[in-house]
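**Q** my questions are about this predicted structure, shown below with the sequence.
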Amino acid sequence: MATRIVMSKLSPTMEEGRILQWLKKEGDPVESGEVVLEVETDKANMEVEAMGSGVLKRILVPEDATVPTGTLLGVVAAEDEDISAILAEAEAVATGISVGRADAKPGTVPPSGAIPGVAAAPHPATPLEPAAVPPPHDGGRIKASPLARRMAEERGIALRLVRGTGPAGRIIKRDIEAAATTGTPAFGEVGTELGPEPPYERVELSQLRKAIARNLVQSLGPVPHFFLTAEIDMGRVLELRAELNKSLQDTGLKIGVNEILLKTAAQALLEHPDMNVAFAGDHIRRFTRVDIGIAVAIDDGLITPVLRDVAAKGLRQISVESRELIARAREKKLAPEEYQGATFTISNLGMYDIDEFTAVINPPAATILAVGATQEKPVVVNGTIEIRSRMRVTLSCDHRAVDGAMGAEFLATLKRMLENPLRLVL
Amino acid sequence: MAVITYREALNQALREEMRRDPDVFLVGEEVGAYQGAYKISQGLLEEFGEWRVRDVPIAELGFTGLGVGAAMVGLRPVIEFMTWSFALLAVDGIVNAAAKLRYMSGGQFKIPITFRGPSGAANQLAATHSQALDAWYAHIPGLKVVAPATARDAKGLLKTAIRDDDPVVFLEGELLYATKDDVPEDESFLIPLGASDIKRSGNDVTIVAHSRPLHTALKAAEILQEQHGISAEVIDPRTLRPMDIDTILESVGKTNRCVIVEEGWPVCGIGAQIVDDIQREAFDELDAPILRVTGADTPQPYARNLEQIALPQADHIITAARRVCYQE
Amino acid sequence: MATRTTESDELLGLARDQLVEMLRWMILGRRFEEKTAEMYQVGEIGGFCHLYIGQEAVAVGAITALRPDDYVITAYRDHVHALVRRMDPNAIMAELLGRVGGGSKGKGGSMHLFDRSNNFLGGHAIVGGHLPIAIGVGYAIRYRDSDAVCVCFLGDSVANIGAFNESLNMAALFRLPVVFVIENNQYGMGTAVHRAAAIRNLADRACAYDGMQGWTIDGMDVLEVRKAVEVAVERARTHKLPSLIEANCYRFVGHSMSDPNYGHYRTKEEVRRYKLEEDPIKRFIETLKKHSMIGEGDLTRIEHEVKAIVDGSVESAKQSPLPQPEDLYSDIYAGGYADVQRRDPWR
């Protein structure tokens, strides 16, 4: 039985979507549930799955085209099946297609209800001349105005991920401004969808809150994240900690799991220098020193004091210095150079009893490790169930600088080290 | 302040400077007995006599050199061309002599001379009498080139040009002579050479225009604001050499977009130089290519309708401004 | 007929010192140009370089007739006019060598010599371009009610250019104290005068302008030139009337250093005959000897003095430094040149 592939409404605010990539071509066999294409919505890039099996009989909307939700994108059917009825129906709907928004009419604000570039449909839904499609950004040279290039660099926005609305897809000032805010749609936009607003109290933004907002919206949107999670047995770390603290009793010093994590991460980064990096537009910076940021929650936000050259320091020094940094962070007494320039970051929400979470990379860093609570849970060990102390960590990586296997290997090393922590003392 | 015409402003400037400095004298065709072909020199012969208001035969090369020679030995001649189109017969005197004598003599001679007269398009005078050769003169090291668009600027700049120790090419708008403006009567009123003037403030696009097209640009700016929501900043460089590029750069830094208007031809025009300056010094400020609105790349036609098409129109400027704002 | 030919077998009532001084200028001019040719041939001088050898009687006869407050302006064959107008020979040679010690700091070269302190107004390289300037100087003289005079030298080919008519017309119209001296060396570059001008005597063109007088004279006779220019200067100084003198002369060398001494346009025999029979220096020495004004000892002394000046000029010029790169941008505008750094950052 033939099944339609449609531009679904994937978010409450979504009115149109753009075909990023067809993963199948016409005639390819398709299994039900198999991903056949990727679309870009106003929020994210989504995968679209086939609802039935057969072959991809027809592709009706080419890559890079933007169409309203509800538009028929393709048809999956048996190889010999007649789909003319479906095609005729689609034609009758006569949905407009805009290609790459090259013909978008910008104006200051588009008239309400109208979707820029969609109202005028110069072509029928099929067929589209490939020549009319501007080159997608994943192949050719990116066209951007000099100003847009500068703004993108200043804001850490990857031009490759910005859709240009200027002539021939040129990325211009307004596109960068739009890209800088797509991570968090303006509240008003959402409000109109939600109907009457619930009562609220207006809380003015502190400068810090503004800075966080400004910086982090440049993260998830422009920075292509991927996430890796591992569960680590912390039993021996806890034993080690107890031993160490016993021996340090008379000094007043204490070693915590956090410090052990810092030391371990630094050691693991030494073994995986390709993870100690930042993406810098036309090159990757591979840092030759491990400086780890420690996410610290403070009254009206968070801040990440940076412990320098962690790999060169012993647990004792790490403990003294990190506790001092964190204390001053809470008092908001850090100098800018003390919270900038981490090559790796650890965010630990274990104290809040969070099992696991994903953290947003703080550009220009390429990685951040989200650490959950260490919890006792039943684990199968050598065929028997044992109660073990387990901790779940999730590593967020900037895919521009780091690949999945690299991240996985790093995480494996980190796990191995934490499960055999005595080496750290060496 | 008094509201007077561009023509009267020039007359005032000449009269004031001739009264102030006995070395200043005026030479040109019909400047004396006829009272000036465009009446710029009205009444000057009566006040200053024939040695200071000298009617000359139709001999542009001859009386241009006459001025250069007098300047070499210390006088401050003002040479009037009945139109700048006739000065084509005198280019050797302007370019090879006036502009270069200081340099060729190792600085021994200064040439404090002002060459002035009507320039640019005029009503149906056709190809030989209707042209803007601003870029020709602005090309020459050793010359200064001034092109005022308003009566106020005309007076302040002509007085400065006459007092300047270098040869100044002073291009008056032939169709601007009757335009009116508030002009200071104070004899010490001067406008320095090399200072742009922001004639209208705006945020979305910088429009650069001098001489008569300035008025076209201002009209376009009104329409852009009212009908297209585009706020245009209009800058008049006033002096084409030396040109105050900094004011233009500052504006482009604000608006990120620029349209340059001139009556002259497009190839190697004044605007081409401004484009060069902007792309070199404000490359990262640009959000769109700089567009130029120029006279058509043709000799000026006679027929009224063709003539209109050939000149920069407000519509052209509006279209260009909308295009750099990505509205087109 | 506005022209007449003067005879000059007397010494114009000049004192012996004055006569010897004139001879000395002529010999200095000759030796200076010979040295210039040598410096050109060894590559010390570049560009266009036009020598005056053979025509010395014109510049010397005319310029020695002037007062210090008079003005002299000429075309591009200007070295000897500058010398006789008392421009420092060291400054001339330094200019030819492109040194900062040159009159124009090395930025003018052979064709653009200027000496403001001696009212020597150049040195103009565009044929005909300086005639309008000359009448401007005349205009300024009248404007200031001065009794100075401007002498404007021009080549024979200039009589055919539009600026000639424009300038002579206005000189006559406004009664300007300008003496136009045509140095008719028989060829405008390689074009014989009769092939370019539809008139036998160029001086006859004076009749086209009321109040102007013209003479065609023997330009190889320094005393005849002097006498004619004295008359013309007096007309200008006293009566504010311009004159046109055509001094027939001959250059013994090529049009410029890149031109052979004789080419297809004139014969070797013609050049040799002028050198043998018409050399203005030889003729003047003969005249002076005939009147017992000089002896061989005087000539030896003059040659000795002149050699010292010429050699000294080369020595001095060679010691003068080359212009500095920053000199490129000086002397263009009164207040300096503001846009250099931004528009021309490579120098």
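**A** It's in. Given the structure is predicted, the values throughout are model-derived calculations rather than measurements.
**Q** so chain B: which segments form each domain?
**A** According to automatic domain parsing, chain B comprises the domains B:2-183, B:197-324.
**Q** quick one: low-confidence ranges for the chain?
**A** By default, I'm working from chain A. Along chain A, the model assigns pLDDT under 70 to residues A:10-13, A:41-45, A:92-140, A:182-221, A:425-426.
**Q** can you look at chain C instead?
**A** Ranges of chain C meeting pLDDT under 70: C:1-9, C:338-341.
**Q** can you give me the helices in it?
**A** C:16-41, C:56-63, C:79-84, C:89-96, C:130-143, C:162-173, C:193-196, C:222-239, C:268-278, C:280-290, C:296-319, C:340-343 (DSSP state H).
**Q** to chain B, which of these lies closest?
**A** The closest approach between chain B and any of the helices of chain C, judged by C-beta to the nearest C-beta, belongs to helix C:130-143 at 2.0 Å. C-beta: built from backbone N, CA, C; applies to glycine.
**Q** the closest one packs against which elements?
**A** Secondary-structure packing of helix C:130-143 (3 or more C-beta pairs under 8 Å, 6 or more residues apart in numbering or on different chains; DSSP states H and E): helix B:60-72, strand C:71-74, strand C:120-123, strand C:150-155, helix C:162-173, strand C:178-184.
**Q** about what we covered before: can you list the domains of chain B in CSV and add mean pLDDT?
**A** What follows is those, written out as CSV (pLDDT from 0 to 100):
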stretch, mean pLDDT
domain B:2-183, 97
domain B:197-324, 97
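**Q** right, and these - which one's nearest A:Pro29?
**A** domain B:197-324 (47.3 Å; C-beta to C-beta).
**Q** measure that closest one end to end?
**A** 22 Å (C-alpha to C-alpha, to the nearest Å).
**Q** so what's B:Pro301 closest to, chain neighbours aside?
**A** B:Glu307 (5.7 Å; C-beta to C-beta, 6 or more residues apart in numbering or on different chains).
**Q** nearest to chain B: which residue in the stretch 151-300 of chain A?
**A** Counting by C-beta to the nearest C-beta, the stretch 151-300 of chain A gets nearest chain B through A:Lys173, at 4.3 Å.
**Q** grab the nearest non-local neighbour of that residue.
**A** B:Asp287 (4.3 Å).
**Q** now the helices of chain C as TSV including distance to B:Arg19?
**A** Shown next, in TSV, are those (distance: least, C-beta to C-beta, whole Å):
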stretch	distance to B:Arg19
helix C:16-41	47
helix C:56-63	39
helix C:79-84	39
helix C:89-96	41
helix C:130-143	16
helix C:162-173	26
helix C:193-196	48
helix C:222-239	31
helix C:268-278	57
helix C:280-290	53
helix C:296-319	48
helix C:340-343	37
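**Q** dump these into CSV; add mean neighbour count as well.
**A** Formatted as CSV, the helices of chain C follow (neighbours: other C-beta atoms under 10 Å in any protein chain shown):
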stretch, mean neighbour count
helix C:16-41, 20
helix C:56-63, 30
helix C:79-84, 26
helix C:89-96, 26
helix C:130-143, 28
helix C:162-173, 24
helix C:193-196, 14
helix C:222-239, 22
helix C:268-278, 13
helix C:280-290, 18
helix C:296-319, 15
helix C:340-343, 12
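**Q** for A:Ser389, phi and psi?
**A** Per-residue torsions, A:Ser389: phi -90, psi 120 (degrees, to the nearest 10).
**Q** for the closest residue to it other than its chain neighbours, grab the count of nearby residues.
**A** Counting by C-beta to C-beta, 6+ apart, A:Ser389 lies nearest to A:Met234, which is 4.5 Å off, once chain neighbours are set aside. As a burial measure, A:Met234 scores 23 neighbours (other C-beta atoms under 10 Å in any protein chain shown).
**Q** what does the one 4 residues further on give?
**A** The local packing count at A:Leu238 equals 16, with neighbours defined by other C-beta under 10 Å.
**Q** identify the residue nearest it in space, chain neighbours excluded?
**A** Of all residues not flanking A:Leu238 in the chain, A:Ser389 sits nearest, at 5.8 Å (C-beta to C-beta, 6+ apart).
**Q** now the residue lying farthest from the centre of chain A, what's its secondary structure?
**A** Within chain A, the residue lying farthest from the chain centre (C-alpha atoms, centre = their mean) is A:Asp250, at 45.9 Å. The three-state label given to A:Asp250 by DSSP: H, G, I helix; E, B strand; the rest coil is helix.
**Q** contacts only, for it.
**A** A:Asp250 makes contact with no residue under the criterion C-beta atoms under 8 Å, 6 or more residues apart in numbering or on different chains.
**Q** in the lengthiest helix in chain B, what counts as buried?
**A** For chain B, the longest helix by residue count, based on DSSP H, is helix B:212-228. Neighbour counts over helix B:212-228 (16 or more other C-beta atoms under 10 Å in any protein chain shown) mark B:212-218, B:220-221, B:223-224, B:228 as buried.
**Q** possible to save those residues as TSV with distance to B:Ile245?
**A** Formatted as TSV, the buried residues of helix B:212-228 follow (distance: C-beta to C-beta, whole Å):
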residue	distance to B:Ile245
B:Arg212	22
B:Pro213	18
B:Leu214	17
B:His215	22
B:Thr216	22
B:Ala217	18
B:Leu218	21
B:Ala220	22
B:Ala221	21
B:Ile223	27
B:Leu224	24
B:His228	28
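**Q** check these one by one and keep those near chain C.
**A** For chain C, no contacts are drawn from the buried residues of helix B:212-228 by C-beta under 8 Å from any C-beta of the partner chain.
**Q** ok so, going back, from what I can see the residue nearest to A:Ser389 touches A:Arg390, true?
**A** Yes - contact criterion C-beta atoms under 8 Å: A:Met234 and A:Arg390 qualify, at 6.6 Å.
**Q** so for these two, which residues contact both of them?
**A** Jointly contacting A:Met234 and A:Arg390 under the rule C-beta under 8 Å, 6+ apart are A:Thr374.
**Q** ramachandran coordinates for B:Ile79?
**A** Dihedral pair for B:Ile79: phi -100, psi 120, per degrees, to the nearest 10.
**Q** measure it to chain C for me?
**A** 10 Å (C-beta to the nearest C-beta, to the nearest Å).
**Q** with A:Ala268 instead?
**A** The spacing between A:Ala268 and chain C, counted by C-beta to the nearest C-beta, is 50 Å.
**Q** which residue ranges of the stretch 301-426 of chain A form helices?
**A** Listed in chain order, the helices of the stretch 301-426 of chain A (DSSP state H, counting those that start in this stretch) span A:315-330, A:336-339, A:404-419, A:422-425.
**Q** who are the packing partners of the second one?
**A** I take that to be helix A:336-339. Applying 3+ C-beta pairs under 8 Å, 6+ apart, one finds that helix A:336-339 contacts helix A:315-330.
**Q** mind listing what's buried in the helix it packs on?
**A** So for helix A:315-330, counting by 16+ other C-beta under 10 Å, buried means A:315, A:318-319, A:321-322, A:325-326, A:328-329.
**Q** check contacts around C:Gly123.
**A** Neighbours of C:Gly123 in contact, by C-beta under 8 Å, 6+ apart: B:104-105, C:74, C:76, C:78, C:82, C:108, C:111-114.
**Q** now the residues you listed in JSON lines, with distance to A:Ala50?
**A** What follows is the contacts of C:Gly123, written out as JSON lines (distance: C-beta to C-beta, whole Å):
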{"residue": "B:Met104", "distance to A:Ala50": "83"}
{"residue": "B:Ser105", "distance to A:Ala50": "87"}
{"residue": "C:Thr74", "distance to A:Ala50": "96"}
{"residue": "C:Tyr76", "distance to A:Ala50": "89"}
{"residue": "C:Asp78", "distance to A:Ala50": "93"}
{"residue": "C:Ala82", "distance to A:Ala50": "96"}
{"residue": "C:Gly108", "distance to A:Ala50": "85"}
{"residue": "C:Met111", "distance to A:Ala50": "87"}
{"residue": "C:His112", "distance to A:Ala50": "86"}
{"residue": "C:Leu113", "distance to A:Ala50": "92"}
{"residue": "C:Phe114", "distance to A:Ala50": "90"}
